[in-house]
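Q: following is a predicted model, sequence given first.
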Amino acid sequence: MTTVKTKLVRPSKYDDAIPYTFEARYRYNDGQEHDSGYFSATVCGLIRILRILGYDPHTVDLYEIYRDREVKITPGLYARDGKWISGNQLCQSFRKIYPDHIGSNSCKFDDRNQIGVR
């Protein structure tokens with residue numbers, strides 16, 4: 001019996017104009033940033049896990065991880081008044097930095113898993 005394997009193509013993972021993953025780094029009581037944190041293929045998935053686990057946005061730094069660099073995300077894009085932004089507000093916030101990838105009714109990150117992991 002012959003088995004046919006198909007590969008699920010995730011186009012956004014091959015688009016170098018957008019990060020391939022997002023990382024949250026949190027600070028311990030000593031105020032130092034540590035490499036241990038959380039990852040997600042989407043910023044909304046990352047924020048969802050951080051919110052569920054009770055992290056305060058002021059104690060976490062988020063990064064866009066590209067193949068050749070990492071970029072710290074401005075906190076105003078994902079938090080306001082000490083609270084995480086979510087849903088459509090988060091999409092609209094990130095639309096400012098990914099205008100060609102997040103539209104009013106579409107998102108090129110839709111093909112990605114939205115689960116956050118440690």
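A: Nice, I can see it. Residues are numbered from 1 along each chain as shown.
Q: which helix or strand in this structure has the lowest average pLDDT?
A: Of all helical and strand segments in the chain, the minimum by mean pLDDT, DSSP states H and E falls on strand 33-40, at a mean of 74.
Q: next SSE downstream of it?
A: helix 43-52 (DSSP states H and E).
Q: now S93: how far from R67?
A: 24 Å (C-beta to C-beta, to the nearest Å). From N, CA and C alone the C-beta is placed, and that goes for glycine too.
Q: of these two, who's got more company?
A: Taking neighbours as other C-beta atoms under 10 Å, S93 and R67 compare with S93 leading, 18 against 7.
Q: surely the more buried one and T74 touch.
A: No. Contact between S93 and T74 fails when scored by C-beta atoms under 8 Å: they sit 9.7 Å apart.
Q: any residues in contact with both of the two?
A: Counting by C-beta atoms under 8 Å, 6 or more residues apart in numbering, no residue touches both S93 and T74.
Q: low pLDDT regions in the chain?
A: Scanning the chain for pLDDT under 70 picks out 1-16, 27-36, 98-118.
Q: all strands of it, in order?
A: Under the criterion DSSP state E, the chain contains strands at 21-27, 33-40, 60-65, 70-72, 79-80, 83-84.
Q: which among those is found nearest to L46?
A: Among the strands of the chain, the nearest to L46 by C-beta to C-beta is strand 33-40 (3.8 Å).
Q: fine by me, thanks again.
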